[in-house]
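Trainee: just coords:
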């Protein structure tokens with residue numbers, strides 16, 4: 001809705017507000033674009049059901065935000081929405097309820113006479129007469145040619161600190177000086193077309209001076225731009241002394257104008273980490289003293305603390321110790337927090353079968369005899385719920401699990417955050433556990449192999465090449481190295497996802513993966529492939545049925561067969577990152593292994609099919625048992 005007139009101008013899915021265009025991002029509408037405002041402007045008046053109850057995720061959000069000195073996040077909230085708002089746009093449910101936005105960029109151009117002016121200059125009129133057709137909302141220019149459409153002038157200024165600003169057209173066309181004729185001159189913007197990148201000229205009608213936008217583009221053009229003002233338009237704030245980063249010219253629809261910083265967690269059954277975090281959040285002053293079985297026994301014997309008997313003593317003692325260590329130590333980054341969330345999920349998926357619930361239901365299935373050389377356990381995840389939270393965003397530099405220090409996080413609100421936007425989706429999945437002995441033997445052989453050494457050294461070059469000049473502290477080029485175990489599991493996951501999508505009718509973009517590889521001190525060997533999407537394809541039972549013995553045997557065999565060849569071979573099969581290359585994949589490409597960005601948890605990195613099937617005739621370096629090789 002429009003923040004000024006409370007008029008509805010469009011609609012998006014909750015997941016869209018999390019991963020595609022959330023707080024601080026630009027959303028393209030049919031006739032103009034809008035900026036999603038900060039959490040301070042969101043209203044939940046009249047809405048009673050918006051809290052997403054996921055204690056593990058809420059605790060993880062708080063741990064991650066410690067790094068930025070924020071207060072305690074008490075809630076995970078879904079986007080504001082009321083039943084009836086869509087069907088009756090004039091009714092009470094649609095009045096003032098929704099995600100607030102404001103037009104941005106706020107400089108508009110008349111499509112008839114090319115007049116360029118700010119939205120508040122009086123040149124343009126906002127029209128949205130029919131609330132049932134928000135897609136018809138538009139700005140028009142009342143000029144001699146009738147009332148032609150006015151569109152957004154698409155140029156903006158962005159910096160690596162996350163600031164976003166209007167392009168200074170008046171200052172730019174006059175080379176940093178005021179117009180000699182009038183303080184607020186009328187401008188015209190003309191697009192001359194051609195094949196030489198942007199060919200747009202800005203003209204001052206008052207004094208006649210002209211300048212092409214090309215002079216502001218590229219490295220040379222940056223010296224023609226003013227310094228960054230440190231503006232966060234989603235918060236309505238400016239940095240008092242400006243910003244030290246250089247401003248960069250950007251087209252408003254560019255894909256790198258907004259990158260979400262998110263965390264996600266699966267809802268786990270009681271006793272698997274789901275309620276312990278809520279217990280610690282709600283009763284921390286009382287339970288923080290539980291450091292031994294004796295202290296647990298003494299406290300739980302008091303009638304007021306009978307609720308402690310619902311929790312295992314050792315599990316509670318470990319959780320208290322972990323929280324104290326986290327509070328006393330350095331605040332972890334979001335990638336580190338996300339990795340910590342995988343621990344309880346692994347325990348729930350690989351441990352004893354819990355009682356089924358509405359959020360989580362497991363059913364073990366037999367491992368086919370040919371596949372028992374590769375897998376030790378296969379389980380159908382008949383029901384699961386995934387909660388996702390947005391904790392910030394970045395511009396220009398994407399938040400990267402391998403290089404978290406390069407991106408500057410931007411706040412979602414001016415005041416201390418007591419809640420963050422969240423969404424939840426339900427789905428199903430298949431959990432596969434690779435044999436521990438098979439993986440351990442393979443890792444011991446491959447850790448020092450020339451192929452794995454090439455991957456590890458390429459990762460160091462990748463980190464070094466991406467090292468930002470803003471990083472002044474100690475730099476470890478191998479920080480975040482995934483390791484041999486992860487590469488093998490990740491490659492196997494992609495092979496299975498592509499086969500499921502090709503053979504069984506699932507759209508690969510509707511599938512997601514979670515790789516449970518752990519580390520040297522706590523190794524894991526699991527893959528969860530699941531459908532957690534906000535449409536019907538996520539819960540139809542089709543994926544769960546693929547874990548049946550006959551289906552799974554056929555799918556795994558086809559996946560390994562397809563991995564043995566690629567239409568891009570021999571270029572693909574021979575690819576290995578050698579100095580000075582810094583790409584993070586070996587024998588992998590869009591033809592054989594890559595999947596959509598929404599599916600892969602590591603951006604199609606750490607993939608190499610030579611570790612699963614022999615590509616050069618050497619079967620000694622592959623994880624797959626000989627009996628399953630094509």
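Mentor: Perfect, I can see it now. Quick caveat: nothing in here was measured; it's all calculated off a predicted structure.
Trainee: Can you name the residues that contact the residue nearest to residue 288 when sequence neighbours are not counted?
Mentor: Leaving out its chain neighbours, the residue that sits closest to residue 288 by Cβ to Cβ, 6 or more residues apart in numbering is residue 320, at 6.3 Å. Just so you know, the C-beta spots here come from the backbone N, C-alpha and C atoms, and that holds for glycine as well. Residues in contact with residue 320 (Cβ atoms under 8 Å, 6 or more residues apart in numbering) are 280, 287-288, 290-291.
Trainee: now residue 320: how far from residue 337?
Mentor: In this view, residue 320 and residue 337 are 18 Å apart by Cβ to Cβ, to the nearest Å.
Trainee: same thing with residue 604?
Mentor: For residue 604, the distance to residue 337 (Cβ to Cβ) stands at 23 Å.
Trainee: Ok, residue 622 next?
Mentor: 34 Å.
Trainee: Same question for residue 445.
Mentor: Distance of residue 445 to residue 337, given as Cβ to Cβ: 33 Å.
Trainee: Of those two, which one has the most company?
Mentor: Neighbours were counted for residue 445 and for residue 337 using other Cβ atoms under 10 Å; residue 337 has more, 24 against 14.
Trainee: my read is that one is in a helix, agree?
Mentor: Yes. Counting by DSSP: H, G, I helix; E, B strand; the rest coil, residue 337 is located in a helix.
Trainee: Residue 58 is in contact with that one, correct?
Mentor: No. Distance between residue 337 and residue 58: 11.8 Å, which falls outside the contact criterion (Cβ atoms under 8 Å).
Trainee: before we move on, back to that, confidence score at the residue nearest to residue 288?
Mentor: Reading off the per-residue confidence, residue 320 sits at a pLDDT of 81.
Trainee: Helix or strand: which one has it?
Mentor: When secondary structure is defined using DSSP states H and E, the element that contains residue 320 is helix 313-328.
Trainee: buried ones in that helix?
Mentor: Within helix 313-328, the residues that qualify as buried by neighbour count (16 or more other Cβ atoms under 10 Å) are 313, 316-317, 319-320, 323, 326.
Trainee: Same question for stretch 453-467.
Mentor: Within stretch 453-467, the residues that qualify as buried are 454-459, 461-463, counting by 16+ other Cβ under 10 Å.
Trainee: now those in TSV, with pLDDT and distance to residue 158?
Mentor: Output for the buried residues of stretch 453-467, formatted as TSV (pLDDT from 0 to 100; distance: Cβ to Cβ, whole Å):
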residue	pLDDT	distance to residue 158
454	95	36
455	95	34
456	95	34
457	95	34
458	94	30
459	93	29
461	91	28
462	89	24
463	84	24
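Trainee: can you list those residues in a markdown table and add distance to residue 305 and secondary structure?
Mentor: Formatted as a markdown table, the entries for these read as follows, by distance: Cβ to Cβ, whole Å; DSSP: H, G, I helix; E, B strand; the rest coil:
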| residue | distance to residue 305 | secondary structure |
| --- | --- | --- |
| 454 | 56 | helix |
| 455 | 51 | helix |
| 456 | 50 | helix |
| 457 | 54 | helix |
| 458 | 54 | helix |
| 459 | 49 | helix |
| 461 | 55 | helix |
| 462 | 51 | helix |
| 463 | 48 | helix |
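Trainee: Max pairwise distance over those residues: which two?
Mentor: Farthest apart among the buried residues of stretch 453-467 by Cβ to Cβ are 454 and 463. That separation is 15.3 Å.
Trainee: ok, back up a step: tell me which of the buried residues of stretch 453-467 is nearest to residue 229?
Mentor: Within the buried residues of stretch 453-467, the smallest distance to residue 229 is 32.3 Å, found for residue 463 (Cβ to Cβ).
Trainee: Check the spacing between residue 131 and residue 137 real quick.
Mentor: Counting by Cβ to Cβ, the gap from residue 131 to residue 137 is 10 Å.
Trainee: Please enumerate the shared neighbours of these two.
Mentor: Overlap between the neighbourhoods of residue 131 and residue 137 consists of residue 7, taking contacts as Cβ under 8 Å, 6+ apart.
Trainee: ranges for the helices of the protein?
Mentor: Here the chain has its helices, by DSSP state H, at 16-19, 55-65, 169-173, 218-221, 276-287, 293-300, 313-328, 334-350, 436-446, 450-466, 484-504, 542-545, 549-563.
Trainee: List of residues touching stretch 546-555?
Mentor: 365-368, 370-371, 378-380, 430, 496, 499-500, 503-504, 545.
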